[in-house]
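Q: Dropping the sequence and predicted coords here.
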Amino acid sequence: MLDLILQTCVNALYASSYTALMAVGLVLIFGVMGIINFAHGELLMVGAYVVFFLYATFGWPFPLAVAGSIVIVALIGVLMERALFKPMRGNPLGGLIMSVGALFILQVATVDIAGLGLAKNIPPAYDGSVALFGIETLTLPRQRLIVMVAATAGLVLLWLFLTRTKLGWALRACAQDPEAAALQGISLDRTALIAMVIGAAFAGGAGALLAPIVQVTPYMGHAYVVTAFIVIIVGGVGSLEGAVVASVIFTFFDTFVTTFIDGSTAAILGLLLMLVVLVVKPTGLFGSAEKA
């Protein structure tokens, strides 16, 4: 039983790593742009398909395919921000509608390019498993270990960027008070574009890293973005720290319930957990109420 509990903890840490990537990207986009990006899951899906074509089809090295995926999805983020979200600045409902439109466009475009049928088969780039802490029964597949390491590195780099650079300070200032930031000479257009690029790159990177592990289909993004929304609500909308902490809490809860009961019960109890948090603390774990 102890071995199973420890293995479940390791699996939960793996799940929390890519969930945090998705959630942090969503929070950054919402915080700076004020837009709920429902197409965020489709950016993950596009990242997975880019790896399918570059790595599984054309034989690129996996790290290079992941890098290519991040760049391509980041460019899609630039296009979305300039063409769809920028005209809707100050209109959250309009931005939300635009994101739903982008969701369907990306799904349809993927179906047209890659076809609709069985899930794409992407071979793992790294075979075998690693015994953790020298415990033979506590293992993690190398492919999943790569996801954990890369996701953690990405989150650490984002934290350093936001806390140690002037551009990062500008992003945080725009998220806290865009009007005051503008009065200080900070370009809202520039910071919105940077936030979208980072958020899209994180989603594309998550999809690229997960591609050899999960089933790659044009509609795979839905489950990931729903989880990310639950996480940012629990953590507190607009809080990057809350998104990371809530990712760990939620994925541990979900993984343990799935392991010891079943997935359907885990989904129901996960939503119940979100409701309980909102009843006890309506702003989420790290959120704060808006000032009147």
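A: Yes, it's here. Remember, it's a predicted structure, so these values are computed and weren't measured experimentally.
Q: Count the residues that sit near G59.
A: Counted by other Cβ atoms under 10 Å, the residues lying close to G59 total 8. For glycine as for every other residue, the C-beta is placed from the backbone atoms N, C-alpha and C.
Q: Kindly confirm my reading that it is in a strand.
A: No: per DSSP: H, G, I helix; E, B strand; the rest coil, G59 lies outside any strand segment and is coil.
Q: now the lengthiest helix in the chain, how far from the centre of its chain.
A: Using DSSP state H, we find that the single longest helix of the chain is helix 2-33. The chain centroid and the centroid of helix 2-33 are separated by 8 Å under Cα atoms, centre = their mean, to the nearest Å.
Q: helices or strands next to the next helix or strand after it in the packing?
A: Under the assignment DSSP states H and E, the closest C-terminal helix or strand after helix 2-33 is helix 40-51. Under the contact definition 3 or more Cβ pairs under 8 Å, 6 or more residues apart in numbering; DSSP states H and E, helix 40-51 sits against helix 2-33, helix 62-80, helix 92-114, helix 188-210, helix 221-235.
Q: just the angle between helix 40-51 and helix 2-33, please?
A: Angle of helix 40-51 versus helix 2-33, following axes from the mean of the first three to the mean of the last three Cα atoms, to 10 degrees, is 110 degrees.
Q: Show the average pLDDT along helix 40-51.
A: On average, the pLDDT along helix 40-51 is 96.
Q: swap in stretch 212-231?
A: Rounded mean pLDDT across stretch 212-231 is 92.
Q: And the longest helix of the chain, what's buried?
A: Going by neighbour count (16 or more other Cβ atoms under 10 Å), the buried part of helix 2-33 is 7-8, 10-33.
Q: got any ranges where the stretch 151-292 of the chain has weak pLDDT?
A: Along the stretch 151-292 of the chain, the model assigns pLDDT under 70 to residues 288-292.
Q: where do the helices sit along it?
A: Remark: helices assigned in the stretch 151-292 of the chain by DSSP state H, counting those that start in this stretch are 166-176, 178-183, 188-210, 221-235, 240-260, 263-280.
Q: Please spell out which residues along the last one are buried.
A: Taking 16+ other Cβ under 10 Å as the basis for neighbour counts, the residues of helix 263-280 that come out buried are 266-267, 269-270, 273-274, 277.
Q: could you list every residue that touches R172?
A: Applying Cβ atoms under 8 Å, 6 or more residues apart in numbering, we find R172 in contact with L162.
Q: excluding its backbone neighbours, what's nearest V277?
A: Nearest-residue entry for V277: V234, 5.0 Å, with adjacent residues in sequence omitted and distances by Cβ to Cβ, 6 or more residues apart in numbering.
Q: Surely the one you found and V244 touch.
A: No: V234 lies out of contact with V244 (Cβ atoms under 8 Å); the separation is 11.6 Å.
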